[in-house]
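# how would this look folded up:
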Amino acid sequence: MSEAVLLVGTKKGLWIGRSDESRRAWEFAAPEFLMEGIYGTCVDTRVDAPRLFVSGTSEHWGPGVYRSDDLGRTWTETQGAAVRFPEDLGSSVERVWQIQPSPSEPDVVWAGTQPSALFRSTDRGESFELVRSLWDHPHRPEWGAGFGGQAIHTIVPDPTDARRVTVAMSTGGVYRTEDGGESWNPHNTGIKAYFFPDPWPEFGQCVHKVAAHPDRPELMYAQNHHGVYRSDDGGTTWTSIAEGLPADFGFPIVVHPHDPETVFVFPLVADGARIPPNGEARVWRSTDAGRTWTASSSGLPDGFYAAVMRDAMTADNAERTGLYFGARDGSVWASLDDGDSWSEIARHLPDVLSVRAAVV
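Model prediction:
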């Protein structure tokens with residue numbers, strides 16, 4: 001029988017929810033990694049034996065990467081601090097923001113960090129090596145720090161071509177390699193950086209999240225620091241799809257796993273007012289690649305003033321997709337009907353930073 005697993009990373013540890021394949025009732029175990037900030041969570045389902053990953057940040061010991069091959073019942077820390085800079089660089093990893101398996105390479109796992117750096121593992125996350133070509137990029141001295149720090153927080157490997165990988169950072173924008181990481185080029189044409197004197201720079205945008213569908217990797221979506229965008233050419237150019245939304249600021253953007261043109265966002269008023277418009281928790285859905293939007297509100301509360309962070313909304317891999325989001329008030333919500341209705345499955349957790357789910 002299949003089992004559903006839900007990883008909820010918070011500012012004070014990891015909560016694991018478990019359910020049967022119906023995903024109607026969830027049981028949450030006692031927290032793991034108590035008092036660590038869990039910024040990255042991942043369920044690697046590329047092989048029959050799934051592997052869970054989490055990246056934790058201890059205020060005392062610093063960052064760590066952990067993996068589990070029994071759905072979170074036991075954990076192994078990747079040895080040697082795993083994701084770290086070579087000593088000759090004189091830099092330290094402050095946080096691991098993202099752990100992302102490569103869909104076309106069974107043993108490759110990517111990690112994105114603060115400061116903005118990309119690491120690659122060829123042994124399914126047991127060791128990592130810095131991608132020096134991106135670290136040595138001539139633009140790096142000009143990459144700034146977003147409100148949450150300077151970080152590569154999004155990694156999108158192309159499922160059809162292992163040599164093509166897209167990353168997004170705050171700030172710096174979207175960069176892409178077409179040659180397996182030998183070279184990297186900015187891909188921000190059409191994404192506005194309103195905070196610059198020239199609002200259309202080659203790089204420097206504060207992109208919050210990028211998403212793509214494995215069946216149509218050339219179709220990409222981006223939630224920006226003010227701005228929601230679509231690319232029809234793999235990120236070479238971007239077009240605004242914010243019309244019809246109550247606000248163009250937010251953090252997550254999620255593509256439906258079975259429909260490349262269905263996409264979900266959780267808008268906030270603005271960078272200076274990081275609350276949902278009118279204090280209403282709403283997931284907004286487009287079924288036509290962002291040309292039109294509708295609000296999903298059934299079961300969601302009003303009088304709601306918490307934000308949803310960039311990795312705190314996700315979809316699982318089931319035939320009948322489950323959608324999930326966690327908020328900074330410690331609540332976690334789920335939908336089994338593509339967002340038509342929602343139910344609260346956890347409450348009173350610490351500040352939710354990341355959510356990932358799978359049926360295995």
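
# okay, buried residues for stretch 228-238 please.
Within stretch 228-238, the residues scored as buried using 16 or more other CB atoms under 10 Å are 228-231, 234-236, 238. Quick note: C-beta positions are derived from backbone N, CA and C, even for glycine.

# ok, now stretch 178-190?
For stretch 178-190, burial by neighbour count (16+ other CB under 10 Å) applies to 184-188, 190.

# cool, stretch 144-163 as well?
Across stretch 144-163, burial judged by 16+ other CB under 10 Å covers 146, 148, 150-158.

# now for the residues you listed: which two are most distant?
Spanning the widest gap among the buried residues of stretch 144-163 are 148 and 158, at 26.4 Å by CB to CB.

# sheet partners, orientation included, of the worst-scoring helix or strand of the chain on mean pLDDT?
Sorted by mean pLDDT, DSSP states H and E, the helices and strands of the chain end with strand 76-77, the least confident at a mean of 90. If you go by DSSP bridges, strand 76-77 pairs up with strand 62-68 (antiparallel).

# ok, residues contacting the partner strand?
Here strand 62-68 makes contact (CB atoms under 8 Å, 6 or more residues apart in numbering) with 33, 36, 51-58, 74-78, 81-83, 92-96, 99, 111, 113, 125-126, 128.

# show me where the stretch 251-360 of the chain has strands.
263-268, 283-286, 294-296, 313-315, 323-326, 332-335, 343-346, 352-359 (DSSP state E, counting those that start in this stretch).

# can you list contacts of the longest one?
Just to be clear, that refers to strand 352-359. Against strand 352-359 from outside (CB under 8 Å, 6+ apart): 2-11, 21, 23, 37-43, 45, 50, 308-309, 311-318, 322, 324-328, 330-332.

# quick one on the thing from earlier: could you single out the nearest of the buried residues of stretch 228-238 to residue 270?
For the buried residues of stretch 228-238, the nearest to residue 270 is residue 228 (13.5 Å; CB to CB).

# what's the ChimeraX syntax to select whichever of the contacts of strand 352-359 are buried?
Burial among the contacts of strand 352-359 is assessed by 16+ other CB under 10 Å; the matching ChimeraX selection reads:
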select :4,5,6,7,8,9,10,11,23,37,38,39,40,41,42,43,50,308,309,311,312,313,314,315,316,318,322,324,325,326,327,328,330,331,332
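
# can you name the farthest residue from the center of this protein?
Residue farthest from the centre of the chain, counting by CA atoms, centre = their mean, is residue 88 at 30.3 Å.

# which secondary structure state is assigned to it?
Of the three states, residue 88 takes helix under DSSP: H, G, I helix; E, B strand; the rest coil.

# again with the one 5 residues further on
When states are read from three-state DSSP, the local structure at residue 93 comes out as coil.

# hmm, it is touching residue 82, no?
No. Using CB atoms under 8 Å, residue 93 is not in contact with residue 82, being 9.2 Å away.

# hmm, back to that, wait, which of the strands of the stretch 251-360 of the chain is closest to residue 303?
Closest among those, using CB to CB: strand 343-346, at 14.0 Å.

# show the average pLDDT along that closest one.
Across strand 343-346, pLDDT averages out at 98.

# can you check stretch 55-73 too?
93.

# can I get the CA coordinates of that stretch in CSV?
The C-alpha coordinates for stretch 55-73 follow below in CSV (Å, rounded to 0.1, in the frame of the first residue of the first chain):
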residue,chain,number,x,y,z
SER,A,55,18.9,21.3,5.0
GLY,A,56,19.0,22.7,8.5
THR,A,57,20.6,25.7,10.0
SER,A,58,21.7,25.7,13.6
GLU,A,59,22.4,29.1,15.3
HIS,A,60,25.3,27.4,17.0
TRP,A,61,26.6,24.8,14.6
GLY,A,62,25.7,26.3,11.3
PRO,A,63,24.2,24.5,8.3
GLY,A,64,23.8,20.8,7.7
VAL,A,65,22.4,18.4,5.1
TYR,A,66,20.6,15.3,6.2
ARG,A,67,19.1,12.4,4.3
SER,A,68,16.7,9.5,5.2
ASP,A,69,16.0,6.3,3.3
ASP,A,70,13.1,5.2,5.5
LEU,A,71,10.8,8.1,5.1
GLY,A,72,12.2,10.1,7.9
ARG,A,73,12.2,7.5,10.7
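
# any buried residues in that stretch, and which?
Going by neighbour count (16+ other CB under 10 Å), the buried part of stretch 55-73 is 55-57, 63-68, 71-72.
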